[in-house]
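A.B. asks: Pasting a predicted model and its sequence here:
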Amino acid sequence: MNPASEVVVYANPGLLAAACAARLVTKLVDLQAARGSASLVLTGGGTGIAILEQLRHSPARDAIDWARLDLYWGDERFVPADDPERNEKQAREALLDHVPVDPARVHAMAPSDGEFGDDPDAAAAAYADVLAANARPEDHGPVPTFDVMLLGLGGEGHTASIFPESPAAYENERSVVAVRNCPKPPPTRVSLTFPAIRSAAEVWLVTTGEAKADAVALALSGAGEVQLPVAGARGRRRTLWLLDKAAAGKLGDVPTSPRV
Ligand SMILES: O=C(O)[C@H](O)[C@@H](O)[C@H](O)[C@H](O)COP(=O)(O)O
């Protein structure tokens with residue numbers, strides 16, 4: 001197991017989503033108390049959106065100062081803005097349209113009918129510019145030190161929209177790339193790359209279900225990031241795996257919360 005990784009296993013997907021939402025409230029409130037602001041990178045996928053829905057219904061939700069939270073995405077499906085497949089649209093319906101975020105601090109990736117038209121490379125380059133514009137001198141590079149980055153993963157090991165053996169898995173210069181012919185539809189996407197992912201102070205990998213158990217076990221036993229991109233998703237200070245029992249099924253004896 002990658003010694004830098006922490007693993008917490010929950011009895012079921014609902015508990016994982018609720019517990020992750022509770023973790024986010026505490027983390028973001030503490031960061032804002034210490035520094036006045038915080039940054040969070042959202043993920044698409046069922047688990048990521050379930051967490052946002054739980055956050056919306058959390059009784060402690062508004063302990064977060066939503067106006068002082070910078071929001072980014074780890075990836076986006078390159079589809080029209082009102083396409084139900086858009087991660088941004090799903091995140092707005094699940095949470096963002098229900099809390100008083102500062103629109104200027106919600107950094108969405110461009111849709112395919114936006115200012116860059118149907119050019120995912122232009123959309124990716126523009127998002128890299130957004131990241132660079134929000135980086136501070138102490139970030140030591142063109143990407144902010146995101147406080148928390150949520151990432152899902154696929155059964156074959158993708159994370160964000162970095163798929164196994166894809167060009168994005170070899171990208172070590174650019175922070176954001178266009179991704180085409182993705183095995184997971186929609187086929188065209190915009191994604192952070194490993195350098196951008198590893199700019200995060202904390203990476204929280206969130207997943208559920210038996211279908212992810214092999215990828216989880218392989219990632220935690222040192223698989224290579226080109227063959228299994230989620231293995232390359234590490235935070236500068238913390239890599240936290242939040243799993244349900246099924247997704248942890250191949251990890252051997254890891255305590256479950258609560259023990260079941
Ligand atoms: O835009 C996307 O599709 C995601 O960012 C992707 O990386 C997702 O997080 C995983 O595929 C897990 O998705 P599920 O949680 O639905 O399994």
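C.D. replies: Yep, that arrived.
A.B. asks: Just give me the neighbour total for the residue in the stretch 151-260 of the chain that the ligand sits nearest to.
C.D. replies: Taking Cβ to the nearest ligand atom, the ligand has its nearest neighbour within the stretch 151-260 of the chain at G152, 2.3 Å off. Backbone N, C-alpha and C define where each C-beta goes, glycine included. The local packing of G152 (other Cβ atoms under 10 Å) involves 23 other residues.
A.B. asks: Just the strands from the stretch 1-150 of the chain, written as ranges.
C.D. replies: According to DSSP state E, counting those that start in this stretch, the stretch 1-150 of the chain carries its strands in the segments 5-10, 38-42, 69-73, 75-77, 148-151.
A.B. asks: Just give me the neighbour total for the nearest residue to I64 once chain neighbours are set aside.
C.D. replies: Excluding its sequence neighbours, the residue lying closest to I64 (Cβ to Cβ, 6 or more residues apart in numbering) is L28, at 5.0 Å. Close neighbours of L28, defined as other Cβ under 10 Å, add up to 23.
A.B. asks: Tell me how far L28 lies from A34.
C.D. replies: Computed as Cβ to Cβ, to the nearest Å, the L28 to A34 distance reads 11 Å.
A.B. asks: Likewise for A247?
C.D. replies: Look at A247 and A34: by Cβ to Cβ, they are 32 Å apart.
A.B. asks: which one of the two has more residues nearby?
C.D. replies: Neighbour count, other Cβ under 10 Å: between A247 and A34, A247 has more, with 30 against 9.
A.B. asks: List the contacts of the more buried one.
C.D. replies: Each residue near A247 by Cβ atoms under 8 Å, 6 or more residues apart in numbering is listed here: 207-210, 212-213, 216.
A.B. asks: Tell me which of these fall in helices.
C.D. replies: Mapping the contacts of A247 onto helices (DSSP state H) picks out 213, 216.
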